[in-house]
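# coords please:
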Amino acid sequence: MPVHVALLRAVNVGGTGSLAMADLKAICEGLGFAGVKTYIQSGNVLFRSDLPAAEAAAMLDGALQEKLGKAPGVMIRSGAQLQAIADQAPFPNAKPNLLLVVFLREPAPSDALDKLVAPDGEEAQVAGTEIYIHFPNGSGRSKFKLPAAKSGTARNLNTVRKLAAMALEMEG
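Reported below is the predicted structural model:
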């Protein structure tokens, strides 16, 4: 049975609302997903399901809408996809905790970087359904703006690597 990694948008970061990871695990199990595991308190959940990724994402988003009152947005990737995303990360001199990967549901538009505001030397690169952003001075106080990234959810490269490893381990 395939392993899916669901990345929830705007959960526990001031957007849609907070969700205990135990509740997220219970919701996933209630949907019939198997081997459910969560990772850190930022909306990462791994599970097994024969459903296509898009269908599993829609089911989870709907269940979360019932729980939170608003669908947060769920992006699903496989372990192999996450590993490739980590391996293909640009900005080779960036510290992994300062390199964010924004996951999108659809490929980024061709003009995704046109409205980029990067006052502190931030760099961004689009790669299909991901946008890589390097924050050389950290993202905490950055005035960086990229409208194309608003609909996605971001994880730093360390988290992407860990989720890839966890998913690949689950696949056995």
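# shaky segments in the chain?
12-17 (pLDDT under 70).
# in it, what residue sits furthest out from the centroid?
When each C-alpha in the chain is compared with the mean C-alpha position (Cα atoms, centre = their mean), Pro119 comes out farthest, at 24.7 Å.
# where do the helices sit along the protein?
21-30, 53-68, 79-87, 157-171 (DSSP state H).
# Please name every helix or strand in contact with the third one.
Counting contacts by 3 or more Cβ pairs under 8 Å, 6 or more residues apart in numbering; DSSP states H and E, the secondary-structure elements packed against helix 79-87 are strand 3-8, helix 157-171. Where you see a C-beta, it was placed from the backbone N, CA and C, and this is true even at glycine.
# Is the residue nearest in space to the middle of the chain bridged to anything, and to what?
Residue closest to the average C-alpha location in the chain (Cα atoms, centre = their mean): Leu7, at 3.9 Å. Assessed by DSSP bridges, Leu7 has beta-bridge partners Asn44, Met75.
# My read is that it contacts Ile76, right?
Yes - if you go by Cβ atoms under 8 Å, Leu7 and Ile76 touch, sitting 7.4 Å apart.
# circling back: out of the helices and strands packed on helix 79-87, flag the one nearest Glu123.
With Cβ to Cβ as the criterion, Glu123 lies closest to helix 157-171 of the helices and strands packed on helix 79-87, at 13.7 Å.
# Now do that closest one: distance to the chain's middle.
Distance, stretch centre to chain centre, for helix 157-171: 12 Å (Cα atoms, centre = their mean, to the nearest Å).
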